[in-house]
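Trainee: All I have is the shape, not the residue letters:
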């Protein structure tokens, strides 16, 4: 399923992660210069996601409705296993 998302090397991707099922796979796809940022409002789910840690990953306890800790237009795209899809800046126009 992760291949269907067509993530590219160098992208900055927000993962609304849950337990991070897509996290490590997606992090591999955006290497070497891209990175993943995972958010979830549950500290427990963040702990689960951290088990899959990669160097180009960071984790934040935050909900998808409150991402003000990141600058506007910071991410190239976001993924979420809940939505099972990928949204990019291009697809929003």
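Mentor: Structure's in. What do you need? In this text the structure is predicted, and so the values were computed from the model without any measurement.

Trainee: Residue 14 should be in a strand, yeah?
Mentor: Yes: secondary structure of residue 14 (DSSP: H, G, I helix; E, B strand; the rest coil): part of a strand.

Trainee: I'd assumed residue 37 was in contact with it.
Mentor: Yes: the pair residue 14 / residue 37 is scored as a contact, 5.4 Å apart, by Cβ atoms under 8 Å. From N, CA and C alone the C-beta is placed, and that goes for glycine too.

Trainee: Find residues that contact each of those two.
Mentor: 70, 75 (Cβ atoms under 8 Å, 6 or more residues apart in numbering).

Trainee: all helices for the chain, in order.
Mentor: 23-30, 43-50 (DSSP state H).

Trainee: Tell me which of those helices approaches residue 80 most closely.
Mentor: Of all the helices of the chain, it is helix 23-30 that lies closest to residue 80, at 11.0 Å by Cβ to Cβ.

Trainee: I'd like to check the angle between the closest one and strand 12-16, please.
Mentor: 170 degrees (axes from the mean of the first three to the mean of the last three Cα atoms, to 10 degrees).

Trainee: Now do the buried residues in helix 23-30.
Mentor: 23, 24, 25, 26, 27, 29, 30 (16 or more other Cβ atoms under 10 Å).

Trainee: can you check stretch 47-58 too?
Mentor: Under 16+ other Cβ under 10 Å, the buried positions of stretch 47-58 are 48, 49, 52, 56, 57.

Trainee: wouldn't residue 9 be in contact with residue 33 here?
Mentor: Yes: counting by Cβ under 8 Å, residue 9 does reach residue 33; the two are 6.7 Å apart.

Trainee: can you pull out the strands in the chain?
Mentor: With DSSP state E as the criterion, the chain has strands at 12-16, 35-40, 57-61, 77-80, 85-88.

Trainee: so can I have CSV of those strands showing mean pLDDT and distance to residue 69?
Mentor: Below are the strands of the chain laid out as CSV (pLDDT from 0 to 100; distance: least, Cβ to Cβ, whole Å):
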stretch, mean pLDDT, distance to residue 69
strand 12-16, 85, 11
strand 35-40, 85, 9
strand 57-61, 77, 7
strand 77-80, 76, 14
strand 85-88, 46, 19
